[in-house]
Structure formats: C-alpha cells, structure tokens
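A.B. asks: My questions are about this predicted structure, shown below with the sequence.
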Amino acid sequence: MNWRRLVDLVFPYIEPLTTAEKIAEEQRLRRDIAAIEAADFTRSDERALDEAQKVSATEIERVRTAEGKATTYLAVLAALVPVIITLQAANWEKKAGPAPDAARLFVLAVATVYVAAAGFHAFKTLQVQGFQRVGEAEIAAAWQSQKPLRRLTRGTLLATRRSRDAVNAKITRIRVTHEHLLRAFGTFVLLLLLDPLFYAMGFRNAAPDAPAAKNVVVEHRRVAAPPSTAPPPPSQRQSPAGSLERTSARPQSVGASPTVARKVESAADQAQDCPAGAKECSGPR
C-alpha cells in the first residue's frame with residue numbers, strides 16, 4: 001500500500017489527471033466522435049434514433065440522481081452544524097464527561113473537517129455546467145436533409161458523448177461526498193463513545209474547587225436625629241415675656257378644706273421654681 005492509497009483511505013480526494021492521461025482522454029474523445037460521424041444507420045433509422053435517445057436519457061438521469069443526492073446530503077450537513085456547536089460549547093464549559101479535553105477536541109476537529117469537505121463536494125456537484133443537447137435548430141436542420149432520422153441520431157449521440165466528462169465529474173463529486181459523510185458519521189460515533197470508554201477505564205471528573213470564603217465587613221453608622229419641631233405640650237406655654245406659663249390645674253383633694261388646698265398649691269409652685277441641686281429656695285413657707 002503506497003502513501004496515496006493511505007491518504008485516500010483517511011481523507012478521500014479527487015486526484016487530478018496527469019498530462020499523459022489528459023492527452024489520452026482527448027484522443028479517445030476524437031476517436032469516438034469520428035466513429036459516430038462515420039456510422040451507418042441505414043438498416044434501421046428509427047431503431048437507431050430510439051437507442052440514441054435512451055443513451056441521452058440515461059445520462060440526464062445520472063445528472064439528476066447526483067444532484068438529488070447532493071441536495072439530500074446538504075440537508076444532512078445543515079442538521080449536523082447545531083450538533084457540532086453544542087458539543088463544542090459543552091467542551092469549553094466543562095460540561096462533558098471524564099474523557100480528556102484534548103482527545104475530545106481532536107475527534108471533534110476531525111469530524112468538522114469531514115463535514116466541511118462533504119459540504120464542499122456537494123456544492124461542487126450542484127454547480128451548473130454546460131451540457132450539449134439536440135435543440136430546435138438541430139431538429140429543424142435534420143428535417144431539411146434527405147435522411148432526417150440518421151442526422152438526428154448522429155446529433156443526439158454526439159451531444160451525449162461531448163457531455164460525458166461533465167456528467168462523470170458530477171458522479172465523482174457525489175461519490176467523494178458520500179465517503180466523507182461516512183467518515184464524519186463514524187467520527188461522531190467515536191466522539192459519543194469517548195466518555196463511556198474513559199469512564200470504564202477508571203477516569204472520573206475532577207471535583208470542582210469550592211469557592212473561597214469572603215469576609216464581608218458591615219459598617220454601621222449612627223445618624224443624628226433631627227431637632228424636634230413638635231410644639232410644646234399644652235402644660236407649658238410660653239408667655240409673651242419669655243417665661244413659661246402653667247395652664248394645667250392641679251387636682252384638689254376630695255374633701256379637703258380651701259385653706260389646706262391653697263397651702264398644697266403654694267408648696268407645689270415653690271418646688272417647681274426651685275432649681276435642681278439648690279438646698280434652699282426663697283419664698284414663703
């Protein structure tokens with residue numbers, strides 16, 4: 001097994017033709033065209049035309065099949081893109097299993113390369129190319145000749161032969177797309193098996209580190225109460241001269257004589273006018 005076969009086994013690719021192979025293909029095309037032009041369809045013109053149309057329809061069907069498969073493969077690839085994004089996000093956020101991050105990233109990168117290669121070849125398959133066919137002008141010119149069926153048969157075969165290379169290129173592209181999709185599928189299966197395999201081998205997820213404790217200092221501040229603006233109690237009202245005037249009446253003892261009540265009231269007034277800490281207060285006793 002040479003290195004080309006090994007590379008093609010790991011990563012399928014379309015090997016370009018060498019110069020000698022290109023020359024051989026051109027010579028083959030010229031020989032086929034010469035053989036078609038020199039062919040004699042005098043035995044059965046209708047049968048020859050029918051066979052030529054069958055060959056042309058077969059080539060058209062090959063093109064449609066290749067383009068239909070390419071469209072289907074592109075839909076599958078579009079569905080795989082969210083899966084790749086989800087797996088990558090889970091790997092970066094450390095939400096995956098016990099498999100090493102390096103192994104998981106490597107397998108995911110290989111799967112992404114296969115998916116990208118499959119998408120590239122699928123788009124190349126859908127690329128519009130020039131095909132030759134028998135059109136209205138060729139049919140009108142054939143019926144102006146003496147043998148219209150022969151000329152129409154020859155024109156159909158020539159158009160089919162000249163378009164064969166473009167058809168073969170589409171078929172080759174879709175085959176390579178299929179090979180890349182197979183390898184991408186196998187790589188995704190391997191990616192899903194990584195965590196169970198490493199878990200069976202004894203690998204476990206590392207316990208997350210506990211967050212460091214933080215000391216929070218709460219500072220309490222005393223806010224001075226604003227000065228009270230409430231009015232003085234009704235028992236103390238300020239007179240116009242600046243002294244407090246007493247308005248509340250003292251209760252009198254029930255059953256006491258008026259003389260005793262006046263003495264009690266006079267003693268209470270002297271006690272209110274005497275400053276705190278004074279031993280004697282002037283005034284009548």
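C.D. replies: Great, that's in hand. Residues are numbered from 1 along each chain as shown.
A.B. asks: I'd like the distance between residue 43 and residue 164.
C.D. replies: With distances taken as CB to CB, to the nearest Å, residue 43 is found 26 Å from residue 164. Yep, even glycine has a C-beta here, placed from its N, CA and C like the rest.
A.B. asks: neighbour count winner among the two?
C.D. replies: Summary of the neighbour comparison: residue 43 and residue 164, criterion other CB atoms under 10 Å, with residue 164 having more neighbours (16 against 7).
A.B. asks: close enough to count as contact, that one and residue 58?
C.D. replies: No. Because the distance of 10.8 Å does not satisfy CB atoms under 8 Å, residue 164 is recorded as not touching residue 58.
A.B. asks: pLDDT weak spots in the stretch 51-200 of the chain?
C.D. replies: Low-confidence segments of the stretch 51-200 of the chain (pLDDT under 70): 93-96.
A.B. asks: any idea where the helices of it begin and end?
C.D. replies: Assigned by DSSP state H, counting those that start in this stretch, the stretch 51-200 of the chain shows helices spanning 101-125, 136-144, 148-162, 164-200.
A.B. asks: can you redo the ones you listed as CSV with distance to residue 81?
C.D. replies: Formatted as CSV, the entries for the helices of the stretch 51-200 of the chain read as follows, by distance: least, CB to CB, whole Å:
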stretch, distance to residue 81
helix 101-125, 8
helix 136-144, 45
helix 148-162, 39
helix 164-200, 12
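A.B. asks: Most tightly packed of these?
C.D. replies: For the helices of the stretch 51-200 of the chain, the largest average neighbour count (mean count of other CB atoms under 10 Å) is found in helix 148-162, namely a mean of 20.
A.B. asks: Okay, angle between it and helix 164-200 too, please.
C.D. replies: Here helix 148-162 points in a direction 40 degrees away from that of helix 164-200 (axes from the mean of the first three to the mean of the last three CA atoms, to 10 degrees).
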